[in-house]
Structures are given as structure tokens and as C-alpha cells.
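Student: What follows is a predicted protein model with its sequence.
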Amino acid sequence: MEKIKVKLCAGTMCYVMGGAQLMEINDLLSDEEKSFVEISLSPCLQRCNGEERPPFAEINGKPLQGVNKETLLQIIKEEIKNAVR
Amino acid sequence: MLYDNFAMLTKRELLIRIVKLLKEDELITKLKYLPVEMRPRNKRPVRCCVHKDRYILKHKIISILGFEITDEEIDLIHLSDFARMAMANKNMKENILSVVHEACSACIQSQYAVTNLCRGCEGRPCVMNCPKNAISFIGGKANISSVDCVSCGLCQKVCPYHAIVFTPVPCEDVCPVKAITKDAEGVEHIDKTKCIYCGKCMQACPYGAIMERSKIIDIHKSLSNPKKKVIAIPAPAIFGQFNATPGQVLAAIKQIGFDDVVEVALGAETTAANEAKELEEKMQEGQPFMTTSCCPAYTGWVEKHAPMLKPFVSETRSPMVYAARYAKEKYPDAEVVFIGPCLAKRHEADSVPEVDYVMSFEELGAFMVAYNIDVDNCSEKELNRDVTKYGRGFAQAGGVQAAVVHAIGDKYTNEHIEGLDKKNQALLKSMAKKPVAQFVEVMACDGGCINGPCSLAPLTLAKRQIKKVLE
């Protein structure tokens, strides 16, 4: 099964506006969940100048906005459930 | 609040927007739009109405611009005029910390209170166990007499329905020295004679009602003045803040427009050496113990609340002082800007002539965002070879201890204390008679400077990032 790709924006805007805590999302995943997911940092996703709210992330290409550690965790868990089905 | 919250984000958004306006030289023309842009009519208001939201933003903006916000006359002055005055250097705010009257929610007094979850049970363990007989039954429900209650919390513990709550006043509850109290209307005020500028109230307020004195207008003016040389001296804690190498972080700071960047860790090397020498001397003279002096919130606490400890505090200056002196010697006509996670440094710097301005890590982040600088995209700036991992280690609790022990060897017993909660304050005061060790490092912030009130990264992340740097 292909790993679920989670991209976190590591741009300074996202980092300053709440993105710093996202860097620790790995700690919230169980060992099993970790095996399904590949978390990477991306340079600025360039979405900060529009109407959307930082911090930004992507899961398998799907754009996410205004995420925090907990909401991102739920999204990842949901995605794992869907993929395993 | 220790968790990320919208009040914190509003403060950062304000800083970013103001620096962006400064960058485009549009502060005077466009500042007035900020409250309207940030709180448009079609978005749900946070407080009672959009007008209150905008009013509070106006007050916060005025505070960031560097003006006192306690006078009612500020309501008669337009934001554009404040911008004009700020650009003309007419902003001489004295108070390092002030409460935005309009934003303060005047939370009701901390107390134990019975909620309507109370079922008026037969057992009534609340009444039976209250040591002060402060609970009676009125209308079938428990009632706590505020006159008799001593806030011991026993009733809350014993209630089988969890019907008793403690209503906190976040700023008052977190202040280690009772410096913030209510006036007749319930609005909080900070007593300058007691405040040690630890910044805990500022972090704790869920309304972001407590603002610090900002010098970003002055700093930006100096940076954009081609005739002025400006040197940045970032605190060792800087390397815990970003997901990048030290060389990249220093390069990113330089890119904002500073003429050079000198690590305060360089000054820390001097502090460690001098402190080690001083420790040796004091031990030879027969003094029972010595504490560090580099944490200004701690030294402020000794000054105002624990004068019996004064003779035991080291006289060595902090790393900021030595680094600033080095910068002034190397660049005699330059202005020196200290960049750190610390609020109390603003107070210390007021009496250090070699430091011209203090900038917080949050303000630094705002500059980086406004100038489109991505730290992990920067090419490495060369590091000063005279700075070792011991100087950089000052960033976290135990760092000063490690550096001094490295300089002097394990000759004397040493300890470090983090956080100025009630327990540690009592412990420190008792050391005047019975020290816990011969050398004690004291940090007002748990985890040390990387967890300062103006830091960007959460403590666990900062610890990891610092570990990578100190390897």
C-alpha cells in the first residue's frame, strides 16, 4: 500500500502563525499509524497571501488550511481508515 | 495560555501587518485600515460586536507603536496621527508591560463556586469536610460563603458530582509575585514596584489584554536608514526557535537588513569564564553559596522580593551585556539590537547603555514574514569559531551550570532551579540560611530561555532543535 503523503509547510509565515506545533505531529501517531504515513516538510507552499488561514499542509495532494496538531491527527487517521478499506 | 490560541495569533498578525506597512512606507497612509481589514463586518465578532473588536485592535496597535495606552485621550486621536507621531519619534512609552483596559475582561475574582450541577445530595461531603464551615444549604443547593472560604479546594475534591469549580483569573493565578490586581471595576493593573517582568501574565491572558513595549518602529527606521549601522545580537535561545541550521538562522536575521549579527553566546563565553572566577573567589572568602545573575526576571525578583539573597547573587554581567560591548567595540558608531525570548531583558536593557533596542523572537518572526525570508531557504552564514557549545548551551536550563562547571571543574556542588513558582521561591529564600548547593543556576522560565514568554517554538520542539545544535 502506498504511504499517505503528508506535507507540512515549513515557511516562516506558517511557522510563526501556529505551524511550529505541527512539527511534532509525529509524536501523536502510534507506531502502526507511523508505518502508513510519510511526513515531509515543504518550502513555503505560497498560499499565505490569499484569503486562506495558515498554517497550511497537504495530505495526498489535498490542500488543508488552519490546521492544528489535533485536527491534522484526525484527518490523518481518517485517511488511513479510507486507504486500508 | 500555554497552548496556541487566537489571542497570540492576533498579536502576531498585528506585528506582521505593521512591519509590512513599514516596509512599504505606508504606515501613515494605511494604518487606519488595519482594524477594519482584520475584523470585517461579515465575520462573526469575538467580543460583543465588531466595533468593540476594532476598538480593542486600535488600542493594541497603539501599544505596539510605542505609546502609553492608559489615558482616555487616546480615543480622541486618529490611528493615522499615531502613525505620524510614531514615525516622528514621539513615542516614548515607559511601561514595559501594560494592561489594555478595553481588552481586559475583568474576570470575576478567583474563587471556589458551586455550579448548578449540585444535586443537594444527602451526603453533603462539602459541608462536612469544609475546615472553615463556609458552606451552607440555600434553596436545596450548596452555597459557599466568600467571606469564610479560604480556597483550600477540599469541597471540590469531595463533591461526587464534580459540581464545584474553581473560577480562575488567569493572569493573577500565574503571577509569582502578586503584582497584578484588580481595581474597583475589576480591571487588572500591574504594580511596577512588584512586577519582575517574567511575562507569565502576558502569556496567560486569554484575551491578549496584556501588551509589551515594542520598539519595532524605531528598529525599522534604523534598519532603513542607509547612514545607520545596526548590529543584531540574538540570544542563544534563537537556535531552538527554527527548523534550520545555526548558519541559516543567522543569515536569515542578517537578511532583514542588519549590518552584522553577533551571537550573544559569544558574550556567554565571557559570562561563564567570569562567573567561574567569581565563584572560586567567593568560595575562598568563605561565602556559603553563589547564584547566577544572567536571568533578569530572577534578579528582579531578588531586588523586589528577596533582598536577603542579594549578597549571594553573582556580580558577573549577563551574556547580553558582554556581547553588546563586543559589538560596540567592533562597530563604534553602530546601534545594537538584542533579539531574545525574554520580556525582562527589556527592563535590563534600559540600564545597559550598550544595548539600543530589544526585539522579541515574535517580532523577529514578524520581520521575517514581512520580508519574505524563509529561514530554511537561506544560505549558511559562517559561525564565529570563538563560540562553543557551552556558550550556546545557555539557551536552556542547566546550560549556565554546565558551562561554569566546565570552566572550573567539579570542585563545588552545583544545582539549577527552573521556574519561580511558590515552591521554588520558598526554596530560594531558605537558601540564605541553608543553601542546597555552592553554585546555583536560577532561571525564571521552566526549561530555561527557550521557553521564554516571547518564544516561537513550543518547549519540546525547541529542546530538540537545540540538542541538534549542541551536538
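Tutor: Great, that's in hand.

Student: now the residue of chain A found nearest chain B, nearest residue through space, not along the chain?
Tutor: Minimum separation of chain A from chain B (C-beta to the nearest C-beta) falls at residue A:16, amounting to 3.9 Å. All C-beta atoms are positioned from the backbone trio N, CA, C, and that covers glycine. Closest residue in space to residue A:16, ignoring its immediate chain neighbours: residue B:365 at 3.9 Å, by C-beta to C-beta, 6 or more residues apart in numbering or on different chains.

Student: Run a quick neighbour tally on the one you found.
Tutor: Residues near residue B:365, counting by other C-beta atoms under 10 Å in any protein chain shown, number 26.

Student: avg pLDDT for the strand or helix carrying it?
Tutor: Element membership of residue B:365, judged by DSSP states H and E, is helix B:361-370. Across helix B:361-370, pLDDT averages out at 96.

Student: The next helix or strand after it - contacts with which helices or strands?
Tutor: Under the assignment DSSP H and E, the closest C-terminal helix or strand after helix B:361-370 is helix B:389-392. When contacts are defined as 3 or more C-beta pairs under 8 Å, 6 or more residues apart in numbering or on different chains; DSSP states H and E, helix B:389-392 packs onto helix B:264-284, helix B:399-408, helix B:459-470.

Student: Return the residues in contact with the nearest residue to residue B:456 once chain neighbours are set aside.
Tutor: With C-beta to C-beta, 6+ apart as the criterion, residue B:456 has its nearest non-adjacent residue at 4.7 Å, and that residue is residue B:241. Taking C-beta atoms under 8 Å, 6 or more residues apart in numbering or on different chains, we find residue B:241 in contact with B:249, B:341, B:361, B:450, B:455-457, B:462, B:465.

Student: same question, residue B:57
Tutor: B:10, B:14, B:34-35, B:38-39.

Student: buried stuff in stretch B:429-447?
Tutor: B:431-432, B:435, B:437-445, B:447 (16 or more other C-beta atoms under 10 Å in any protein chain shown).

Student: again but with stretch A:34-53, I slipped
Tutor: Across stretch A:34-53, burial judged by 16+ other C-beta under 10 Å covers A:36-37, A:39, A:44-45, A:47-48.

Student: Assess the claim that residue B:62 and residue B:82 are in contact.
Tutor: Yes - with contact defined as C-beta atoms under 8 Å, residue B:62 counts as touching residue B:82 (5.5 Å).

Student: Can you pull the residues that touch both of those two?
Tutor: residue B:74.

Student: rewinding a little: out of the buried residues of stretch A:34-53, which are inside helices?
Tutor: residue A:36 (DSSP state H).

Student: From the buried residues of stretch A:34-53, pick out the ones that also neighbour chain B.
Tutor: residue A:44 (C-beta under 8 Å from any C-beta of the partner chain).

Student: The helix holding residue B:365 packs against which elements?
Tutor: helix A:12-16, helix B:6-23, helix B:216-224, strand B:335-340.

Student: which other residues reach it?
Tutor: For helix B:361-370, using C-beta under 8 Å, 6+ apart, the contacting residues are A:12-13, A:15-16, B:11-12, B:15-16, B:18-20, B:22-23, B:214, B:216, B:234, B:237-238, B:241, B:252-253, B:256, B:339-341, B:359, B:373-375, B:452, B:454-456.
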